[in-house]
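Undergrad: Give me the fold of what follows.
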Amino acid sequence: MLSSENSVTRPYSRRSTTVHPSDSIVGAHSVDLSASHSSSGSPPVRVLLVSGTLSGGGAERFASTLLQHLNRARFQPSLCLFRDEIAYPLAADVEVSTLGHRGPVSARRTVRRLAETIDRIQPDVVISIMDYLGMFVGEALRSARSQPVWIARTSNNPKFLFHSFRGRCRKQWLKRVYPRADMFVANSHGLSECFQTTFACARGRMRVLLNPIDINRIERLSQAEWPEVIDTDVPNLFYSARLKAHKRPDVLLEAFRIVRQHSQAKLWICGEGPLRGKIERLVEKYDLRPHVRMIGFRENIFPLLKAATLAVATSDYEGLPNNVLEAQALGIPVVSTRSSFGPAEIIQHGKTGLLTDPGEPDAVARAIIRLLSDDELRADMSIRAQQGVRRKFGLEATIPRWEALLTEVTRATERAAA
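TA: Numbering: from 1, shown residues only. This is a model prediction of the structure:
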């Protein structure tokens, strides 16, 4: 067996297992799932989620939450990671296989290892959690002996994902493999419509399933002590995202520079990414260093979020942003751009938050200043938003819909095979 990649701290117990063939899988781990079988004796549906990592992003947080909360009497989940990075919670009974992906140069090897993983686990259903991973799942299923149902999940606007040369290449790859998918899932209605326009093969096979938010866990984690001093005598603005171009942290800083002319607010930036250096230079350029804290990626940002006056999101495009949902789950008012597509499906402008047009720091600043100057409006938005998130995005509303879809597609396969 190939040696595992560098080990990382995990919230679950690792158990080694022998993997065959000997060169196929890096770092596979197994656990006894026999207790998960239903009392009727019928074996649970085997569900394999394919993810790049289990850290740092909204799609990865979705995977963590779904794996944590699927009913074990009916479903036996497992996880296949491209890279050995786990920061989000992972249930102890989830088997993890790691492919050791190292970028484009290892693409063929990754496809081969993924096909071998599918043959070893023999899942009833495979879920690719984002479009990039769908390229590999589609190719792997061409050579795998096992032929599970494939659910291809998408979580970002394809009009933006595929505008670069690399993006156009990926789009052509997906157009070749996506017809193999049995079902497509988008996490917002706007994204569903756009995706079906981009990929005609998805028409008639598309479902909208909202991101599950574990509100009780968020509230519990928010009670932990934050390791740094939070000055509650001034407004605290919260921003959490990967520091990438489409998240527009530059718009955030431009807006905050304007806000500072009207308020003694402090800005907390949570996240890492390729634009970190650029953002640090902008902080220096605008003389904001005493008022901006860039704290990188933290496993538990909820104590800070709970203490924030409001949260800000400035993306150009999204699917269904978890950072907006998590803020509202804790009753924190949100100012967000109308990034396509999610925020407008979460926020009722003027009632549960404020929406502005993307790429306009002046508009973002005006919305922030409006909320900071109106305590009654913030309090009212807090209550409305918290109630709305719990009703629409809580586990009780979302997990049963995923379970219903998994049951539906596996039963359809059984009927076709009968």
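Undergrad: For the residue nearest to residue 338 when sequence neighbours are not counted, give me phi and psi.
TA: Nearest residue to residue 338 in three dimensions, chain neighbours excluded: residue 355, at 4.9 Å (Cβ to Cβ, 6 or more residues apart in numbering). Where you see a C-beta, it was placed from the backbone N, CA and C, and this is true even at glycine. The phi/psi pair for residue 355 (degrees, to the nearest 10) reads phi -110, psi 140.
Undergrad: pretty sure residue 355 contacts residue 334?
TA: No. Residue 355 is beyond contact range of residue 334, at 9.2 Å (criterion: Cβ atoms under 8 Å).
Undergrad: picking up where we left off before, count of residues packed around the residue nearest to residue 338?
TA: The number of residues packed near residue 355 is 20, by other Cβ atoms under 10 Å.
Undergrad: Over to residue 172?
TA: 10.
Undergrad: Phi first, then psi, for it.
TA: phi -70, psi -40.
Undergrad: could you measure it against residue 311, distance?
TA: According to Cβ to Cβ, to the nearest Å, residue 172 stands 38 Å off from residue 311.
Undergrad: shared neighbours of residue 355 and residue 334, which are they?
TA: Common contacts of residue 355 and residue 334 (Cβ atoms under 8 Å, 6 or more residues apart in numbering): residue 347.
Undergrad: Dump stretch 344-354 to PDB, restricted to CA.
TA: Extracted in PDB, the C-alpha atoms of stretch 344-354 (Å, rounded to 0.1, in the frame of the first residue of the first chain):
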ATOM      1  CA  ALA A 344     -31.600  37.000  -3.100                       C
ATOM      2  CA  GLU A 345     -33.100  33.600  -2.300                       C
ATOM      3  CA  ILE A 346     -32.000  34.000   1.300                       C
ATOM      4  CA  ILE A 347     -32.400  37.700   2.100                       C
ATOM      5  CA  GLN A 348     -35.600  39.600   1.800                       C
ATOM      6  CA  HIS A 349     -34.300  43.100   1.200                       C
ATOM      7  CA  GLY A 350     -35.200  45.500   3.900                       C
ATOM      8  CA  LYS A 351     -36.700  42.800   6.100                       C
ATOM      9  CA  THR A 352     -34.100  40.100   6.800                       C
ATOM     10  CA  GLY A 353     -31.000  42.000   5.500                       C
ATOM     11  CA  LEU A 354     -29.900  44.500   2.900                       C
END
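Undergrad: pLDDT averaged over it - what is it?
TA: Mean per-residue pLDDT for stretch 344-354: 95.
Undergrad: buried ones in it?
TA: 344-347, 352-354 (16 or more other Cβ atoms under 10 Å).
Undergrad: of the residues you listed, closest to residue 135?
TA: residue 345 (26.9 Å; Cβ to Cβ).
Undergrad: separation between the residue lying closest to that closest one once chain neighbours are set aside and residue 341?
TA: Distances taken as Cβ to Cβ, 6+ apart place residue 188 nearest to residue 345, at 5.1 Å, with adjacent residues excluded. Taking Cβ to Cβ as the measure, residue 188 falls 5 Å from residue 341.
Undergrad: So for those two, which residues contact both of them?
TA: In contact with both residue 188 and residue 341: 319-320, using Cβ under 8 Å, 6+ apart.
Undergrad: What is the host helix or strand of residue 376 packed up against?
TA: For residue 376, the host element (DSSP states H and E) is helix 375-393. When contacts are defined as 3 or more Cβ pairs under 8 Å, 6 or more residues apart in numbering; DSSP states H and E, helix 375-393 packs onto helix 322-329, helix 361-372.
Undergrad: cutoff 6 Å now
TA: Judged by 3 or more Cβ pairs under 6 Å, 6 or more residues apart in numbering; DSSP states H and E, helix 375-393 is in contact with helix 322-329.
Undergrad: which outside residues touch the helix it packs on?
TA: 58, 61, 213, 215, 218, 240, 311, 313, 334, 336, 343, 346, 385, 389, 393 (Cβ atoms under 6 Å, 6 or more residues apart in numbering).
Undergrad: change it to 7 Å
TA: 58, 61, 211, 213, 215, 218, 238, 240-241, 305, 311, 313, 334, 336, 343, 346-347, 352, 385-386, 389, 393 (Cβ atoms under 7 Å, 6 or more residues apart in numbering).
Undergrad: How about stretch 193-211?
TA: Residues contacting stretch 193-211 (Cβ under 7 Å, 6+ apart): 62, 154, 157-159, 174-175, 178-179, 183-189, 192, 320, 322, 325, 392-393, 398, 401-402, 405.
Undergrad: picking that back up, might one say that the residue nearest to residue 338 is in contact with residue 348?
TA: No. Checked against Cβ atoms under 7 Å, the pair residue 355 and residue 348 is beyond contact range at 9.0 Å.
Undergrad: Contacts only, for the residue nearest to residue 338.
TA: 336, 338, 343-344, 347, 349.
Undergrad: make it 8 Å
TA: If you count contacts by Cβ under 8 Å, 6+ apart, then residue 355 has 336-338, 343-344, 347, 349, 367 around it.
Undergrad: Poorly predicted segments of the chain, please.
TA: 1-41, 415, 418 (pLDDT under 70).
Undergrad: 50 - rerun?
TA: 1-39 (pLDDT under 50).
Undergrad: Which ones among the contacts of residue 355 map onto helices?
TA: 343-344, 367 (DSSP state H).
Undergrad: In JSON lines, list those residues along with distance to residue 141.
TA: Below are the ones in helices among the contacts of residue 355 laid out as JSON lines (distance: Cβ to Cβ, whole Å):
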{"residue": "343", "distance to residue 141": "34"}
{"residue": "344", "distance to residue 141": "35"}
{"residue": "367", "distance to residue 141": "46"}
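Undergrad: and the longest helix along the chain, what other elements does it pack with?
TA: Longest helix in the chain by number of residues (criterion: DSSP H): helix 395-417. Contacts defined by 3+ Cβ pairs under 8 Å, 6+ apart place helix 395-417 against strand 45-51, helix 58-69, strand 125-128, strand 149-154, strand 183-186.
Undergrad: of all those, which lies closest to residue 381?
TA: helix 58-69 (22.3 Å).
Undergrad: Can you list the helices and strands that the closest one packs against?
TA: So helix 58-69, by 3+ Cβ pairs under 8 Å, 6+ apart, packs with strand 45-51, strand 75-81, helix 322-329, helix 395-417.
Undergrad: Neighbouring strands - and their directions - for the second one?
TA: Sheet partners assigned to strand 75-81 using DSSP bridges are listed as strand 45-51 (parallel), strand 95-98 (parallel).
Undergrad: So which of those strands is the most surrounded?
TA: Of the strands paired with strand 75-81, the one with the most neighbours on average (mean count of other Cβ atoms under 10 Å) is strand 45-51, at a mean of 25.
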